[in-house]
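A.B. asks: Quick check, what structure comes out for this input:
(chains A and B)
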Amino acid sequence: MTEAGKRDEAAGPGAAGATPGGRILLGHGSGGKLYRDLVRDVFVRAFANPLLERLDDAVALVPSGRIAFTTDSHVVQPLIFPGGDIGRLSVAGTVNDLATAAARPLALAAAFIIEEGFAVDELEAICASMAATAAEAGVEIVTGDTKVVERGACDGVYITTTGVGEIVVAHDLGAETVREGDAVVLSGGVGDHAVAVLAARGDFHFSADVRSDCAPLWGLVEAAIEAVRGISPTGSASGSPAAAESASGDSAEALRFLRDPTRGGLTTVLAELAEEAKLGIELEEAAIPVSPAVRSVCDLLGYDPLTLANEGKMVLVVAPEPADAVVAALRAHPLGRDAAQVGVVTAAHPGRVALRTVYGTRRVLDMPVGELLPRIC
Amino acid sequence: MTRPADAVPRSGVAAVQPAALQRLAAGLAVEASAALVRRGSSALTFMEVCGTHTMAIARFGLRDLLPPEVRLVSGPGCPVCVTAMGDLDKAIALARLPEVTLTTFGDLMRVPASRSSLAAERAAGADVRVVYSPRDAVEIAAGESDRQVVFAGIGFETTAPTVAAALLEAQAHGLRNFSVLSMHKTMPPPLEALLDLGETDIGGFVLPGHVSVVTGSACYEFLAREYGVGGVIAGFEAYDVLDALLRLARQTETAIEIEYGRAVRPEGNLVAQRLMAQVFEPRDADWRGLGVITGSGLGLREEYAPFDAERRFDVDAGEPLEPTGCRCGEVLRGVLDPAECALFGARCTPEDPVGACMVSSEGACAARYRFRGIDD
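C.D. replies: Coordinates of the predicted model:
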């Protein structure tokens, strides 16, 4: 680091070494000296941890149980929006995907595709946001890769994050474990992320007092798992629910299914679940939290909040007995204050989700098709 | 925005309590029975003629609340759905010109034309861009002087004034690379055409809220006066629609009423009307399902000829081909319930639409399919 440190003194703080004008050059992706400077001055500095500092091509991890493994690419415009940015999104997205397997994040990898000419200080801000989000989730970014493409070949920066996690329950979660009578729980209001990004994009020339809900949800999911087990969060001093498992079975089995309702929203998650589980779902529209601002934007543009993307929400299906305890545990967590049971699994109308509207009417909830388009009239 | 931001004041109406809706529905049942006796018929058919109403009715599941003797059918109010195949083909032919950047509202992208769709053309390399307002198209023209930017304009009196305003802006900036393919239509003529056809016994119209913000209510008076068919201009909340149906059932003398009083004035939006009249003039237009209706379209006036894409570009769109088995035309006339079409939900779905009514977010078939009852 001494070499990089010296250069920083010459070029000023956060200048990524020999980058004229503080912009990413094609040469930064060439694998030579510029590349090494970029890695050290931006990435290693932001994500500072011993595994990454070795700059090996691969790192050794020591998992204690079953492993969850996931990857996700992130492209968003604008790169920074109220409540988040592509960096926070990329870490939260992968942490949340791991969380859906009841997996505590063990390590993350991040791969960047950067457009030539991208401002280095913007990249640094994105990396700082990634590091902060990773810290929130209790995980580190331990390896990565960078490519630089010609101007116009990508839109600023694309980030792919890959995550490995330790599964803290003994059973496999999934649609096949869902039973008639199970409770469908939602960790909070829907539509905030999509509307915040839409407003920030400026295409519609409206402003909305909405912030993206973008957040890593491992802590929230862990609280739910502990509630299902009947262990209070403060009671698990080791912080390792995995240790509480016995070989003969896991009291967490009442937790059936976890999914973060990102693209396609709550509707898509539940429609897919009903299809896979070959069971029906009865959903109560009145129980689903939607903020007044999100509702107004949806009314204006003809969008359905239930199909809008979220980046900090979780859908949980649990057995009926611990449902209230799970909702209470979620509500006790800062990211789950508006959690509620929103529906129930039924043997009626298998493969379909029925929405009981706020008007007391009932209709099918169908998956949205293609891109979201505002109405004309 | 696709309509003037100040044209539709946001109401302070919050979600109405289900109890209030139940009361309205109960009132409707009573009034409908009385109306049937009065009219000496066995069913009361009302038609909603606005795509946003169609969608709202489906989304709120309002059919569940209607008494069995009240039938609600959709009319020719979805702008994308009523656009004739020949017009869609013209837009596609323009998009294929190498110098043209075709801009349009997203809803038009996936509509199947005779041999292609704008989405398919874009995938094949045509420069087709979705805009959210015609002003965005003017901005593109201002920024890319080497491109011929054509705005494919569809919609009724709600969108036409915004297109007129955008065109005048382009003129004020001296832009020579902006033009409009006007497929705009006006709302009253198809209602007259429908009544003249006499295929359906329409007992009253739920009239479009957004269109009427611009037009006002006077343009519908002929419905009551000459055809003896009442109409209520309605808002878009569940309460509004039920209230409009109740008012229609209650009319002992046919009249045009405004239920959407928080946004619609009898004289309409005079500024928007002036803009529209300055740039456009009535011309005959071809409607899917209804054919050519005299004076039902909006063409650019002679003095704006340089901004008229049809005059600027000489394209051959070929003979229009209607998809086999598609009954969108009958759906748009309220003669056929979407679910009665043999293609509905089988060969024709929102993922793989055959007809326009299934692809538009305001289409009657799309609304019926997306928001079908749990037992359907």
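
A.B. asks: any idea how far A:I24 lies from A:E115?
C.D. replies: To A:E115, A:I24 is 7 Å away according to CB to CB, to the nearest Å. Every C-beta, even on glycine, is put in place using the N, C-alpha and C of the backbone.

A.B. asks: cool, and B:M187?
C.D. replies: Going from B:M187 to A:E115 by CB to CB gives 47 Å.

A.B. asks: the more surrounded of these two?
C.D. replies: Taking other CB atoms under 10 Å in any protein chain shown, B:M187 and A:E115 do not tie; B:M187 has more neighbours (24 against 17).

A.B. asks: how many other residues sit next to whatever residue of chain B ends up closest to chain A?
C.D. replies: Closest to chain A within chain B is B:G61: 3.0 Å, counting by CB to the nearest CB. B:G61 has 23 neighbours, counted by other CB under 10 Å.

A.B. asks: which residues does it contact?
C.D. replies: Contact partners of B:G61, counting by CB atoms under 8 Å, 6 or more residues apart in numbering or on different chains, are A:357, A:359, A:361-363, B:371, B:373.

A.B. asks: go with 10 Å
C.D. replies: B:G61 sits next to A:285, A:355-357, A:359-364, B:238, B:371-374 when contact means CB atoms under 10 Å, 6 or more residues apart in numbering or on different chains.

A.B. asks: Find the nearest non-adjacent residue to it, please.
C.D. replies: Leaving out its chain neighbours, the residue that sits closest to B:G61 by CB to CB, 6 or more residues apart in numbering or on different chains is A:T361, at 3.0 Å.

A.B. asks: and the one you found, backbone torsions?
C.D. replies: As for A:T361, its main-chain torsions (degrees, to the nearest 10) stand at phi -90, psi 170.

A.B. asks: now the one 4 residues further on
C.D. replies: A:L365 has phi and psi values of phi -100, psi 120 when expressed as degrees, to the nearest 10.

A.B. asks: pLDDT score assigned to the nearest residue to it once chain neighbours are set aside?
C.D. replies: Spatial nearest neighbour of A:L365, chain neighbours left out: A:V353 (4.1 Å); criterion: CB to CB, 6+ apart. At A:V353, the model reports a pLDDT of 96.

A.B. asks: neighbours around A:V353, how many?
C.D. replies: A:V353: 27 neighbours (other CB under 10 Å).

A.B. asks: you'd agree it is up against A:V315?
C.D. replies: No: with contact defined as CB atoms under 10 Å, A:V353 does not count as touching A:V315 (11.8 Å).

A.B. asks: Now the common contact residues for the two.
C.D. replies: Common contact partners of A:V353 and A:V315 (CB under 10 Å, 6+ apart): A:184, A:266, A:269-270, A:273, A:343.

A.B. asks: Let's have the residues you listed in TSV, adding pLDDT, distance to A:F204 and secondary structure.
C.D. replies: Output for the shared contacts of A:V353 and A:V315, formatted as TSV (pLDDT from 0 to 100; distance: CB to CB, whole Å; DSSP: H, G, I helix; E, B strand; the rest coil):
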residue	pLDDT	distance to A:F204	secondary structure
A:V184	98	32	strand
A:L266	97	23	helix
A:V269	97	26	helix
A:L270	97	28	helix
A:L273	97	32	helix
A:G343	98	31	strand
